[in-house]
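S.K.: The following comprises the amino acid sequence and a computationally predicted model.
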Amino acid sequence: MTTQDLKTEAAAPQERAGASSTAPPPRGRHVPNAGSAESAAVEKARAEMLQQGRIEHRTRIGADALCQALIHQGVDVIFGYPGGVILPLYDVWADYPELRTVLVRHEQGAAHAADGYARASGRVGVCLGTSGPGATNLVTGIATAQLDSVPMVALTGNVPGALLGKDAFQEIDINGITLPMTKHNYLVRHADDIPRVIAEAFHIARTGRPGPVHVDFTKDALTAATQAQNPTTLNLPGYKPRFEGHPRQVRLAAGEIAAARRPVILAGHGVLIADATEDLRTFAHKAQIPVTHTLLGVGAIDELDPLSYGYMGMHGWKHVNKAIQSADLLIALGMRFDDRVTGSVSTYAPNARIIHVDIDPSEIGKNVAVDIPIVGDVGSVLRALIQAVPQVDPAERKEYFDELAEWRKGSEALSWHGSGGWKEGILTADYVMQRLGELTDHDATLVSDVGQHQMWLARYAGFRRPNSHLSSGGLGTMGFGLPAAMGAALSRPDKETWAVVGDGGLQMTVQEMLTVAVDHVPVKIALMDNKKLGMIRQWQEIVYGGNYHSSDLPAPLWDKLAEAYGLPTFKATRPDEVDDAIRAAQAHDGPALVWFEIEQTQNVLPMMPAGKGLSDLIEDWGESTAKGEEK
């Protein structure tokens, strides 16, 4: 076929329809439903997506309403990263100097920073991302907050409302993605809804069992004019957290406590969330009951308190787990009996009756069957129990407490428990944690990443005050430590703040070194560098017979990397260098890195093997090697 034949063939349909071969095609002929109100809205939205330059907002727009609503909620810091559809908000930031915006280097860092801000202060943390990848980058941090009951509001932008469902540039169903990992979420399409939604979001995030709330705004909601004001009342008929424990259940619990001879308190994160640490101390002393704690319950009681017994679970103290296994009554306060606490439920606390207090009724009976459930705020229930239980003379518990003291003495004498390799000049992590706690007067905010160092910090730093220990518990998020410490430092500038990290976790969010440098956030980074994914290597040694794979972790030259980010580095490779390195970082005005090159094969012991119970602990090096060989 010739070129002329092709032209004739292409023109034939038009000629058959009576169209002129020279007439221009009709305008908008490829627009679906051209001429309809829907198509006009889509075209307008696409034009807005491509709009560049500053919005001249002589009238109050949705972005203004959002800023004013945040200020009304007491927000002072927002961690975020800009993008196209969220730029209308950035366009008005300068009009609201009450709101400090911190430009993180990755949205995951924004979510963890908001999380750390909330944990350290008790206030709601706020993070911000744009549509598409900006929003999805927040997801890991949102999930971390959800599993640890942290109050957070995550704000995201989305495409204009008319483009929703059109697969526009950077559009994603972020509400569908966050639905399983938030306490509630919203899609805001109208500027007039912004003040109400923000008020509801913060109320939901901070009350009852706290958690993250996600609010997604279409771009046109942020740019449209509005006169909507912050509401004076909220109407949430389906949301009614129960705060007071049922009086009958409290009476039953008091009776169990009075009859118990070997009671143990299990203090969880809920004690800290409820600001009930003083109530816990008063209750424990009146009833003369030893207090153990979960990982997130660290700080629920001063560790120097004579009734403080220590950290429980898979990598907790042997004496604590032994006390739980021998108890005749467990009083669980604001904790959820996760598998790292119980191990095999069939062998857990075989002789104990269980009282479980939690504000979330879904947690009671979910993992462990209990005898007396009490739904309510931990602080409120503890105050009721204080009135209901009799005063116990310490002499009545003497035999019990003497036995617990003997168990504790034996547990702390095991290898690597503060009495091991550092005495021979080996730099061990337990020694570093001990000195870090002591040199900060047990009053700093210590923010842990995830891994072996997380367990060492919980056991050896010695925590004296509430909310001085922050860590990712439920999700176990590597990369949490540095950005969360950044948020903690900004929410509690009165406290010295340390990010305690491993070389694996730090490399996941290392870019936030530049954030703390540029914003002059005074975070000190304590890096436990063993050139390994330490917990992976430990499991491969003990559980997989020494079959090491992908657990060696060649690292950068940390001093050079820190220098590139603008941070000074202080280094310790021997125990006698630890104090000087920590003190040098403390003396530096601003963020700094302290690089500890620790023993590469140190394990966290004792350890409860997966699928086993609290009575099946691996307790020392020889046993761990033998277990590995058996495998």
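M.R.: Yep, that arrived.

S.K.: Every contact and neighbour count from this point should use C-alpha atoms.
M.R.: Will do.

S.K.: Next, count neighbours for residue 136.
M.R.: 21 (other Cα atoms under 10 Å).

S.K.: How about residue 237?
M.R.: 6.

S.K.: Need the three-state assignment for it.
M.R.: Three-state call for residue 237 (DSSP: H, G, I helix; E, B strand; the rest coil): coil.

S.K.: Dihedrals phi and psi, it?
M.R.: phi -60, psi -30 (degrees, to the nearest 10).

S.K.: now do residue 233
M.R.: The phi/psi pair for residue 233 (degrees, to the nearest 10) is phi -140, psi 160.

S.K.: Excluding chain neighbours, what is closest to residue 163?
M.R.: residue 42 (6.0 Å; Cα to Cα, 6 or more residues apart in numbering).

S.K.: what ranges do the helices span in the stretch 101-250 of the chain?
M.R.: Ranges of helices in the stretch 101-250 of the chain, per DSSP state H, counting those that start in this stretch, are 107-121, 133-136, 139-147, 174-178, 194-206, 219-223, 247-259.

S.K.: Can I take it that residue 373 is in a helix?
M.R.: No. According to three-state DSSP, residue 373 belongs to no helix; its state is strand.

S.K.: Secondary structure class of the closest residue to it other than its chain neighbours, three-state.
M.R.: Nearest non-adjacent residue to residue 373, counting by Cα to Cα, 6+ apart: residue 356, 5.1 Å away. Classification of residue 356 using three-state DSSP returns strand.

S.K.: I'd say residue 356 and residue 378 touch.
M.R.: No. Residue 356 lies out of contact with residue 378 (Cα atoms under 8 Å); the separation is 10.0 Å.

S.K.: which neighbours do those two share?
M.R.: By the contact definition Cα atoms under 8 Å, 6 or more residues apart in numbering, residue 356 and residue 378 are jointly contacted by 333-334.

S.K.: Looking at those two, which one has more neighbours?
M.R.: For residue 356 versus residue 378, the count of surrounding residues by other Cα under 10 Å is larger for residue 378: 31 against 26.

S.K.: check contacts around that one.
M.R.: 270-271, 274, 276, 333-334, 357-359.

S.K.: What are the buried residues along stretch 163-178?
M.R.: 163-164, 170-175, 178 (16 or more other Cα atoms under 10 Å).

S.K.: show me where pLDDT drops low in this structure?
M.R.: Within the chain, the stretches with pLDDT under 70 are 1-31, 35, 39, 43, 45-58, 415-423, 620-631.

S.K.: Next SSE downstream of the helix or strand that contains the residue nearest to residue 163?
M.R.: Per DSSP states H and E: residue 42 is located in helix 37-49. Using DSSP H and E, the helix or strand that follows helix 37-49 towards the C-terminus is helix 62-72.

S.K.: name the helices or strands packed onto the helix or strand that that next one is followed by?
M.R.: Downstream of helix 62-72, the first helix or strand assigned by DSSP H and E is strand 77-80. For strand 77-80, the packing partners by 3 or more Cα pairs under 8 Å, 6 or more residues apart in numbering; DSSP states H and E come out as strand 100-103, helix 107-121, strand 125-129.

S.K.: Which residues are in contact with residue 495?
M.R.: 443-445, 489.

S.K.: so can I have CSV of these showing neighbour count and distance to residue 194?
M.R.: Shown next, in CSV, are the contacts of residue 495 (neighbours: other Cα atoms under 10 Å; distance: Cα to Cα, whole Å):
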residue, neighbour count, distance to residue 194
443, 20, 40
444, 24, 38
445, 27, 35
489, 29, 30
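
S.K.: which of these lies closest to residue 365?
M.R.: residue 445 (33.4 Å; Cα to Cα).

S.K.: about what we covered before: let's have the helices of the stretch 101-250 of the chain in a markdown table, adding distance to residue 69.
M.R.: Shown next, in a markdown table, are the helices of the stretch 101-250 of the chain (distance: least, Cα to Cα, whole Å):
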| stretch | distance to residue 69 |
| --- | --- |
| helix 107-121 | 18 |
| helix 133-136 | 21 |
| helix 139-147 | 21 |
| helix 174-178 | 21 |
| helix 194-206 | 6 |
| helix 219-223 | 13 |
| helix 247-259 | 39 |
